[in-house]
Structures are given as C-alpha cells and as structure tokens.
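**Q** With the input below, show me the fold.
(one chain, ligands or ions: 3)
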Amino acid sequence: MKKLLLLPGDGIGPEVTAVSRRLLAALALDIEVSEGLFGGASIDAHGVPLADAVKAQALASDAVLMGAVGGPQWAAQDYDKRPEAGLLQLRAAMDVFANLRPARCFAALADASSLKPELVAGLDILFVRELVGGVYFGQPRGIETLPNGERRGFNTQSYTSSEIRRVARVAFELARGRGGRVCSVEKANVMESGLLWREEVSALHAADYPDVALSHMYADNCAMQLAKWPAQFDVILTDNLFGDILSDLAGMLTGSLGMLPSAALGAADAPGLYEPIHGSAPDIAGLGLANPCASVLSLAMALRHSLGEPGAAARVEAAVEAALDAGARTRDLGGTLSTEAMGDAILAGV
Ligand SMILES: NC(=O)c1ccc[n+]([C@@H]2O[C@H](COP(=O)([O-])OP(=O)(O)OC[C@H]3O[C@@H](n4cnc5c(N)ncnc54)[C@H](O)[C@@H]3O)[C@@H](O)[C@H]2O)c1
Ligand SMILES: CC(C)[C@H](C(=O)O)[C@@H](O)C(=O)O
Ligand SMILES: [Mg+2]
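**A** Ligands and ions are numbered 1, 2, ... in the order given. The predicted model follows:
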C-alpha cells in the first residue's frame with residue numbers, strides 16, 4: 001500500500017490541509033495516510049522544526065503533502081531553528097531538486113487576475129525551479145561583525161554543472177510532453193553562476209534535446225515579460241531564488257496565490273514533496289478565509305506523480321474546475337465562501 005504523510009504545519013497550513021484530508025477520505029483510495037508535526041508546531045512540541053522521526057517518516061513515505069510553515073511567533077528564533085529552516089532541511093533530506101510549479105489560469109478565474117482577462121485566459125506555464133541548491137544552501141553564509149564594528153550578512157550563490165544539468169533535464173523532458181519550449185532564466189550578465197547555468201543548459205540541449213526550442217532570458221526581464229505577455233511562456237527553467245520570486249508573481253496571473261500547487265521531485269523512485277506555493281498567511285490564519293485549492297491541487301499532483309493514482313488526480317482537478325465554474329469563490333478570489341465551504345463545493349464534484 002502507498003504511504004502519504006501529511007505535514008499541515010502552521011497558520012493556514014492545517015486549515016487547507018484539512019480540506020485535502022476530507023477529499024482523500026471521499027476518494028477511498030488504497031493509501032495509508034499519516035500525519036506529523038512540522039515547522040512552528042514542531043518547535044512548540046519538540047524544540048526543532050523537523051524532528052528526526054518525522055524526517056525518517058517522510059523518507060519512508062511515497063509522498064509528503066505539506067501545508068505551510070512559519071509565522072511571527074517563531075521569527076525571533078535562531079535562524080537554523082526557524083520553521084522555514086525545517087522546510088529547507090526536509091527538501092535537502094529528500095533531495096527533491098526539481099520543483100514543478102504549474103501556473104494555470106482556470107477559465108472561470110480569468111477575471112480574478114489583476115491583469116486583463118485576455119492576457120491570462122487559458123494561461124498554462126510550468127515553472128521548473130531548482131530546489132536544493134543555489135543561494136538558499138551555498139556556503140559560507142552568516143552574519144559577522146567586522147573589525148570596524150560594522151555587521152556583515154552574507155550568502156553564497158553556487159551551482160555545479162551536475163546540479164544544473166539534472167534539473168534542466170527534467171525541464172526538457174516535461175517540455176516534450178507539452179508545448180516543446182523551454183525558457184531558461186538566470187542573470188548570466190552579472191553572475192558567474194548564471195553564466196555556468198546558461199552554458200550547461202545550452203550544452204545539454206545541444207547534446208540530448210535539439211527537438212525542444214530553448215531560449216534564454218535574464219530574470220529581471222522575465223519578471224517584466226510575465227506581467228506583459230505571460231502566454232509567451234511554456235516551461236520556465238530557473239534557479240532556487242528566481243524560481244521562488246517568479247512563481248509568486250505567477251500566482252497573480254492565475255487569480256490568487258491560493259490557487260498554485262507544487263510538486264518537488266528527486267530520483268525516480270524517491271518520495272515526492274508536495275506543497276502549495278503560498279505560506280502560512282498569518283494575516284488570515286484561524287479565520288477560515290484561506291483558499292484550499294492550492295493544497296487540493298498539490299494533492300492531485302501527489303496522486304499523479306507519487307501515488308500511482310492518475311485517475312483520482314484527474315477527478316480532483318476536474319472537481320476544482322467544476323466548483324470554480326459553478327461560482328464557488330473564497331475571499332481572495334472575490335467571493336465569500338469559507339475554507340470549509342469551498343471544500344464542500346469541491347467535494348461535491350468528486
Ligand atoms: N511553503 C511555505 O511553507 C511558505 C511559503 C511562503 C512563505 N512562508 C512563510 O509564511 C509566512 C508568511 O509569509 P508571507 O506573508 O510573505 O506569504 P504568504 O504566502 O503566507 O501570504 C502572502 C499573502 O497571500 C495571502 N494568501 C496566501 N495564501 C493564501 C490562501 N491559500 N488563500 C488566501 N490568501 C492567501 C495571504 O493572506 C497574504 O496576504 C512567513 O513566515 C514565510 O516565511 C512559508
Ligand atoms: C518558506 C520558504 C523557505 C519557501 C522558499 O523560499 O522556498 C517558500 O517561499 C516557497 O515558495 O516554498
Ligand atoms: Mg515562495
């Protein structure tokens with residue numbers, strides 16, 4: 001039997017994960033579901049954001065569905081003991097280097113975007129974000145006090161050719177199954193790591209993927225192009241930090257950050273980590289206002305990529321689409337439904 005570990009986490013994490021849990025129950029699949037403490041919730045119980053037992057449980061699962069971590073109550077902790085550090089530790093331990101972040105605008109939501117509907121209708125971009133390298137993990141890092149008494153904060157942006165090639169390969173393979181185009185995004189004009197990125201992606205393309213159309217773009221231009229004419233993109237391949245920023249931007253192209261799921265994948269037989277791209281939303285946590293669609297669509301990605309249930313994945317996605325078509329909307333989408341009522345609307349369609 002396949003195993004799914006739920007890590008609801010903090011803030012709206014437990015609220016949106018509860019909807020995914022109800023959906024799982026309704027689907028009545030042959031999947032063993034368990035739950036663990038993660039992030040701030042784990043700090044409160046165990047003093048660390050990711051306990052060894054939970055890490056081991058994640059590695060022994062087929063898929064992990066995370067809610068969200070973080071919040072102001074843990075922001076004063078030492079850097080490595082914060083909820084967000086637990087998420088980075090989990091991603092590293094699972095070695096989920098390829099983060100798939102689809103940004104799809106459902107037809108019913110074209111008018112919910114802050115962009116003109118004709119710019120976002122039918123939008124279907126796939127971000128492939130490198131997730132376990134770059135400036136998030138590079139050494140050295142820290143905050144030091146200089147001899148003159150001034151403090152200096154520093155991080156290291158670093159990529160090796162194998163780190164670049166393994167995630168680029170994922171992007172090229174996925175492009176073959178969709179529009180056949182990859183836009184690789186970096187800042188090769190100012191960063192050596194960006195220059196290496198461009199060279200390695202180009203070399204892999206020439207050797208193994210000449211059938212895929214490859215283009216290159218600087219990250220700042222990419223942000224502008226996403227707001228100007230997002231439909232020009234098919235697959236966007238980029239590094240850890242640029243992928244984080246650009247995928248949040250894409251949230252507004254699809255109506256709300258609360259709509260965007262993600263799948264973080266590693267080696268073919270290794271467990272996948274699934275998470276909404278949004279955070280714990282402290283401003284609305286506990287109020288029942290969160291949009292559960294990103295969590296539900298992340299569950300669908302887990303069903304498809306790690307749990308051997310592509311049929312159930314399609315049913316979940318169709319149920320989200322049907323609920324939106326019927327006018328179901330949480331507040332972020334301009335509606336009045338609570339998280340639970342939005343869950344009811346989705347459940348009605350599975
Ligand atoms: N994967 C994660 O766990 C993750 C991702 C991003 C941020 N964070 C953490 O979350 C905390 C808050 O960060 P932030 O405020 O910058 O980003 P955020 O994504 O939590 O919230 C940004 C804005 O989007 C809204 N929003 C987010 N998700 C929503 C949803 N499902 N439905 C409706 N509205 C939604 C919020 O209310 C807020 O106004 C921080 O501690 C941050 O580190 C965690
Ligand atoms: C919470 C944080 C570590 C995380 C990231 O920056 O990767 C988040 O913003 C995300 O997009 O998943
Ligand atoms: Mg982010």
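**Q** Which positions in the stretch 101-250 of the chain make contact with ligand 2?
**A** Asp244 (CB under 6 Å from any ligand atom). Where you see a C-beta, it was placed from the backbone N, CA and C, and this is true even at glycine.
**Q** Show the average pLDDT along stretch 213-225.
**A** Computed over stretch 213-225, the mean pLDDT rounds to 98.
**Q** what does stretch 55-71 give?
**A** 98.
**Q** ranges for the helices of the stretch 251-350 of the chain?
**A** Remark: helices assigned in the stretch 251-350 of the chain by DSSP state H, counting those that start in this stretch are 293-305, 310-325, 339-347.
**Q** Of those helices, flag the one that's most buried.
**A** Of all these, helix 293-305 carries the top mean neighbour count, a mean of 27, counting by mean count of other CB atoms under 10 Å.
**Q** sorry, back to before: out of the helices of the stretch 251-350 of the chain, nearest to ligand 2?
**A** Closest approach to ligand 2 among these (CB to the nearest ligand atom): helix 293-305, 11.0 Å.
**Q** helices and strands around that closest one, which ones?
**A** Contacts defined by 3 or more CB pairs under 8 Å, 6 or more residues apart in numbering; DSSP states H and E place helix 293-305 against helix 13-27, strand 63-68, strand 263-265, strand 272-274, helix 310-325, helix 339-347.
**Q** export the helices of the stretch 251-350 of the chain to TSV and tack on distance to ligand 1?
**A** Shown next, in TSV, are the helices of the stretch 251-350 of the chain (distance: least, CB to the nearest ligand atom, whole Å):
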stretch	distance to ligand 1
helix 293-305	6
helix 310-325	13
helix 339-347	8
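**Q** Quick one: closest of those helices to Glu15.
**A** Closest approach to Glu15 among the helices of the stretch 251-350 of the chain (CB to CB): helix 339-347, 5.1 Å.
**Q** residues in contact with the closest one?
**A** The contact list for helix 339-347 (CB atoms under 8 Å, 6 or more residues apart in numbering) reads 12, 15-16, 18-19, 22-23, 26, 288-293, 296, 316, 319-320, 323, 326, 328-330, 337.
**Q** quick one: the strands in the stretch 1-150 of the chain?
**A** Here the stretch 1-150 of the chain has its strands, by DSSP state E, counting those that start in this stretch, at 2-9, 31-35, 63-68, 98-104, 124-130, 138-145.
**Q** Out of those, which gets nearest to Tyr159?
**A** Set against Tyr159 and scored by CB to CB, the strands of the stretch 1-150 of the chain come closest in strand 124-130, at 7.6 Å.
**Q** what's the angle between the closest one and strand 98-104?
**A** Between the axes of strand 124-130 and strand 98-104, defined by axes from the mean of the first three to the mean of the last three CA atoms, to 10 degrees, the angle is 160 degrees.
**Q** List the neighbouring strands of strand 124-130 plus their orientation.
**A** Partner strands and pairing direction for strand 124-130 (DSSP bridges) are strand 98-104 (antiparallel), strand 235-238 (parallel).
**Q** Just name the most buried of those.
**A** Highest mean neighbour count of those: strand 235-238, a mean of 27 (counted as mean count of other CB under 10 Å).
**Q** sorry, back to before: out of the strands paired with strand 124-130, which gets nearest to ligand 1?
**A** Ligand 1 sits nearest to strand 98-104 of all these, at 10.7 Å, using CB to the nearest ligand atom.
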